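Undergrad: Got a sequence here, can you model it:
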Amino acid sequence: QVQLVESGGGLVQAGGSLRLSCAASGRTHSSYDMAWYRQAPGKEREFVAVIWWSGGGIYYADSVKGRFTISKDNAKNTVYLQMNSLRPENTAIYYCYVKRAGVEEYWGQGTQVTVSS
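TA: Below is the predicted model of the structure:
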(Lines give C-alpha, C1' and ligand atoms only; values in the text may rest on other atoms or scores of the structure.)
Protein backbone atom coordinates (compact mmCIF):
# COMPACT_ATOMS: atom_id res chain seq x y z
CA GLN A 1 0.00 0.00 0.00
CA VAL A 2 1.10 3.55 -0.75
CA GLN A 3 0.15 6.69 1.13
CA LEU A 4 0.12 10.12 -0.50
CA VAL A 5 0.29 13.23 1.65
CA GLU A 6 -0.30 16.60 0.02
CA SER A 7 0.69 19.94 1.48
CA GLY A 8 1.13 23.53 0.44
CA GLY A 9 -2.43 24.60 -0.14
CA GLY A 10 -3.89 27.73 1.35
CA LEU A 11 -5.41 31.14 0.69
CA VAL A 12 -3.72 33.46 -1.78
CA GLN A 13 -4.68 36.61 -3.62
CA ALA A 14 -5.17 36.61 -7.37
CA GLY A 15 -1.80 36.85 -9.10
CA GLY A 16 -0.03 35.09 -6.27
CA SER A 17 1.77 31.76 -6.13
CA LEU A 18 1.61 28.51 -4.24
CA ARG A 19 3.69 25.36 -4.36
CA LEU A 20 1.97 22.06 -3.68
CA SER A 21 3.86 18.97 -2.60
CA CYS A 22 2.82 15.34 -2.58
CA ALA A 23 4.99 12.85 -0.77
CA ALA A 24 4.55 9.14 -1.37
CA SER A 25 5.39 6.64 1.35
CA GLY A 26 4.90 2.97 2.02
CA ARG A 27 5.48 0.37 -0.65
CA THR A 28 6.49 2.88 -3.28
CA HIS A 29 7.88 2.08 -6.66
CA SER A 30 10.16 4.12 -8.88
CA SER A 31 8.07 3.78 -12.05
CA TYR A 32 5.02 5.85 -11.14
CA ASP A 33 3.37 8.32 -13.42
CA MET A 34 2.56 11.24 -11.12
CA ALA A 35 -0.17 13.77 -11.69
CA TRP A 36 -2.28 16.52 -10.20
CA TYR A 37 -6.04 16.84 -10.53
CA ARG A 38 -8.43 19.36 -9.02
CA GLN A 39 -12.08 19.62 -8.16
CA ALA A 40 -13.84 22.94 -7.84
CA PRO A 41 -17.12 23.30 -5.94
CA GLY A 42 -19.99 21.88 -7.93
CA LYS A 43 -17.73 20.60 -10.67
CA GLU A 44 -16.21 17.28 -11.62
CA ARG A 45 -12.61 16.42 -10.92
CA GLU A 46 -10.37 17.53 -13.77
CA PHE A 47 -6.84 16.89 -14.93
CA VAL A 48 -4.18 19.54 -14.27
CA ALA A 49 -0.74 18.11 -15.08
CA VAL A 50 1.18 14.85 -15.35
CA ILE A 51 4.81 13.82 -15.36
CA TRP A 52 5.39 10.39 -16.82
CA TRP A 53 7.84 7.92 -15.43
CA SER A 54 8.93 6.75 -18.88
CA GLY A 55 11.02 9.50 -20.44
CA GLY A 56 9.97 12.11 -17.91
CA GLY A 57 7.54 13.69 -20.34
CA ILE A 58 5.18 16.35 -19.04
CA TYR A 59 1.71 17.40 -20.11
CA TYR A 60 -0.56 20.19 -18.87
CA ALA A 61 -4.18 21.09 -19.18
CA ASP A 62 -4.55 24.03 -21.53
CA SER A 63 -5.97 26.18 -18.74
CA VAL A 64 -2.73 26.06 -16.72
CA LYS A 65 -0.06 26.02 -19.43
CA GLY A 66 2.54 28.70 -18.87
CA ARG A 67 1.47 29.28 -15.26
CA PHE A 68 1.82 25.90 -13.53
CA THR A 69 4.91 23.69 -13.44
CA ILE A 70 4.98 20.04 -12.38
CA SER A 71 8.21 18.47 -11.20
CA LYS A 72 9.36 15.58 -9.07
CA ASP A 73 12.16 14.49 -6.80
CA ASN A 74 12.68 10.78 -7.28
CA ALA A 75 14.90 10.47 -4.24
CA LYS A 76 12.13 11.87 -2.05
CA ASN A 77 9.24 10.19 -3.90
CA THR A 78 7.68 13.62 -4.09
CA VAL A 79 5.87 15.45 -6.86
CA TYR A 80 5.40 19.21 -6.86
CA LEU A 81 3.07 21.68 -8.51
CA GLN A 82 4.31 25.24 -8.71
CA MET A 83 1.35 27.49 -9.39
CA ASN A 84 1.96 31.07 -10.49
CA SER A 85 -0.36 33.85 -11.59
CA LEU A 86 -3.22 32.22 -9.74
CA ARG A 87 -6.77 33.17 -10.62
CA PRO A 88 -10.01 32.91 -8.61
CA GLU A 89 -11.16 30.17 -10.99
CA ASN A 90 -8.20 28.06 -9.83
CA THR A 91 -9.92 27.68 -6.46
CA ALA A 92 -10.36 23.96 -5.87
CA ILE A 93 -9.24 20.96 -3.91
CA TYR A 94 -6.05 19.72 -5.55
CA TYR A 95 -5.39 15.99 -5.54
CA CYS A 96 -2.20 14.08 -6.13
CA TYR A 97 -2.50 10.89 -8.20
CA VAL A 98 0.10 8.23 -8.88
CA LYS A 99 -0.21 5.27 -11.16
CA ARG A 100 1.79 2.29 -12.22
CA ALA A 101 0.03 1.25 -15.40
CA GLY A 102 -1.96 -1.92 -15.02
CA VAL A 103 -0.74 -2.50 -11.51
CA GLU A 104 -1.87 0.10 -9.00
CA GLU A 105 -3.08 3.64 -8.56
CA TYR A 106 -3.54 5.93 -5.58
CA TRP A 107 -5.13 9.26 -4.73
CA GLY A 108 -4.11 11.70 -2.06
CA GLN A 109 -6.57 13.22 0.37
CA GLY A 110 -6.49 16.61 -1.33
CA THR A 111 -5.35 20.07 -0.34
CA GLN A 112 -7.51 23.18 -0.56
CA VAL A 113 -6.39 26.08 -2.71
CA THR A 114 -8.41 29.28 -2.46
CA VAL A 115 -7.66 32.28 -4.65
CA SER A 116 -9.32 35.53 -3.66
CA SER A 117 -10.06 38.31 -6.12
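Undergrad: Checking the residue nearest to R67 when sequence neighbours are not counted next. Helix, strand or coil?
TA: Among residues not flanking R67 along the chain, S85 sits closest, at 4.6 Å (C-beta to C-beta, 6 or more residues apart in numbering). Every C-beta, even on glycine, is put in place using the N, C-alpha and C of the backbone. Following DSSP: H, G, I helix; E, B strand; the rest coil, the label given to S85 is coil.
Undergrad: Neighbours of S85, how many?
TA: 13 (other C-beta atoms under 10 Å).
Undergrad: show me what contacts it?
TA: By C-beta atoms under 8 Å, 6 or more residues apart in numbering, the contact list for S85 reads G15, S17, R67.
Undergrad: Most neighbours among those, which one?
TA: R67 leads these on contacts (other C-beta under 10 Å) with 15 neighbours.
Undergrad: got the contact list for it?
TA: With C-beta under 8 Å, 6+ apart, R67 has these contacts: M83, N84, S85, L86.
Undergrad: what separates the second one from I58, distance-wise?
TA: Read that as N84. 16 Å (C-beta to C-beta, to the nearest Å).
Undergrad: pretty sure C96 contacts L4?
TA: Yes: assessed by C-beta atoms under 8 Å, C96 is found in contact with L4 at 4.9 Å.
Undergrad: Have a look at these two and say which one is more surrounded.
TA: C96 (27 against 23).
Undergrad: Can you name the residues bridging to that one?
TA: W36 (DSSP bridges).
Undergrad: Give me the local confidence score for it.
TA: For C96, the pLDDT comes out at 97.
Undergrad: who's in contact with it?
TA: Listed by C-beta under 8 Å, 6+ apart, the contact partners of C96 are L4, E6, L20, C22, M34, A35, W36, V79, W107, G108.
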